[in-house]
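Trainee: A structural model of the following input is requested.
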Amino acid sequence: MKPLSLARIVAVMIKEFTQLRRDRITYAMILVMPLMQLLLFGYAINTDPRHLPAAVISYDHGRFANSVVAALERTTYVDVTHLPTSEAEMDRLMRRGEISLALTIPPDFSERVLKGDKAQILAEVDATDPQAAGGVAAAAASLPANALANDLKGAAARPTGAPPFEVVVHRLYNPEAITSFNIVPGLLALILSMTLVMMTAMAVTREVERGTMESLLSTPATAFEVMIGKLAPYVCVGVIQTVIVLTLARLLFDVPMAQTLAGWFALSVGIVLFITSNLALGYLISTVVTSQLQAMQISMFYMMPSMFFSGFLFPFRGLPGWAQFIGEGIPITHFLRVIRGSLLKGQVLGDMTPDLLALGAFLIVVATLTIARSRTTLD
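Mentor: Below you'll find the model as predicted:
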């Protein structure tokens, strides 16, 4: 047995450092991953979201009603961003997910407060995400204790311990705050994104490594035709995964399903767009990397912002502005809104239009880049 040689060990170490320096993707992952984790865990994660959008309809334009709205915003849990003119408009805002709280103040509110005649206001909370709904509901419920403290003085003062009004809180879409109703539909988005992106990226990269992609491109088929032909089977795989997950979600967790054909149609459009977008992204990754290991690394790296910036683990509205900006560019963010809106809120195509358009735009951009990269690297 040869004696241990420090020189040989150093030679091997130099060789490994040289190889690492040449493998730019792995080198970048080593540097970027800790930075990404620091930013995610230090700045982006927020389990107590504030400044959520709210809408107020006040049929009472008196001083008491204005004080209630001002006190609501002072809690910092919500910001009044919408002043709808009808209850139908407010319901539409809530169904589309544009607001987290809908506050309705009746026309006789001030009169009942002065008379001590059981004045009430209605607070409707979007409870599809129980974590976000908890703080909003608590903020609304706390209004009777302090909203009118500066208004009810002197002759208008209330007896000690008697609240001047009551807040009736209605939790919409998930009144029992069942976490699985929010998490399980989100898992479908995560499963599709993780499996399809990685599977496509590694499958195409494998063909490049083996040289079969070069043979395929020597046929009359264009780069675009090759991409469609290779992605089509995986669309079927994604549809099968979707059916399995939705079936188990219903049987095991009793997750609500879409109630109308219009709802199922809208969900189906979202599913096809999301599956195709993930496959196109995986194909794009395969045109950038040179090995299956690199394909897997980039796919896993993509999953981190998908989990943290999309609203899957933490309320999207609770993220800082820069994180929301990144999240809006990730397809899983929009698909989460589509599937949760369809299953929990009964959304139809018109309600999902902004998110479906975002998915379509992402697909077009990624497919265009993929075709350009394929022509550059393989033609």
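
Trainee: Just to be sure, Val56 is in a strand?
Mentor: Yes. When DSSP: H, G, I helix; E, B strand; the rest coil is applied, Val56 is found to be in a strand.

Trainee: what about it, neighbour count?
Mentor: Val56 has 23 neighbouring residues, counting by other CB atoms under 10 Å. Glycine gets a C-beta too; all of them are placed from N, C-alpha and C.

Trainee: Pretty sure it sits against Leu93.
Mentor: No. With contact defined as CB atoms under 8 Å, Val56 does not reach Leu93; the gap is 11.3 Å.

Trainee: Can you work out which residues contact both of these two?
Mentor: His82, Ala102 (CB atoms under 8 Å, 6 or more residues apart in numbering).

Trainee: now the helices: where do they sit in the stretch 151-300 of the chain?
Mentor: 179-210, 212-217, 223-253, 261-288, 292-308 (DSSP state H, counting those that start in this stretch).

Trainee: Need those in a markdown table (columns: mean neighbour count).
Mentor: Shown next, in a markdown table, are the helices of the stretch 151-300 of the chain (neighbours: other CB atoms under 10 Å):
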| stretch | mean neighbour count |
| --- | --- |
| helix 179-210 | 20 |
| helix 212-217 | 14 |
| helix 223-253 | 15 |
| helix 261-288 | 22 |
| helix 292-308 | 19 |
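
Trainee: rank the ones you listed by mean pLDDT and give me the bottom one.
Mentor: Out of those, helix 212-217 stands lowest, with a mean of 68 (criterion: mean pLDDT).

Trainee: Please tabulate the helices of the stretch 151-300 of the chain in a markdown table, including the columns distance to Ala70.
Mentor: Output for the helices of the stretch 151-300 of the chain, formatted as a markdown table (distance: least, CB to CB, whole Å):
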| stretch | distance to Ala70 |
| --- | --- |
| helix 179-210 | 31 |
| helix 212-217 | 64 |
| helix 223-253 | 41 |
| helix 261-288 | 38 |
| helix 292-308 | 34 |
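
Trainee: Nearest to Gln347, out of these?
Mentor: helix 261-288 (6.6 Å; CB to CB).

Trainee: got the angle for that closest one vs helix 223-253?
Mentor: 130 degrees (axes from the mean of the first three to the mean of the last three CA atoms, to 10 degrees).

Trainee: Who are the packing partners of helix 261-288?
Mentor: With contacts defined as 3 or more CB pairs under 8 Å, 6 or more residues apart in numbering; DSSP states H and E, helix 261-288 has these neighbours: helix 179-210, helix 223-253, helix 292-308, helix 331-345, helix 349-378.
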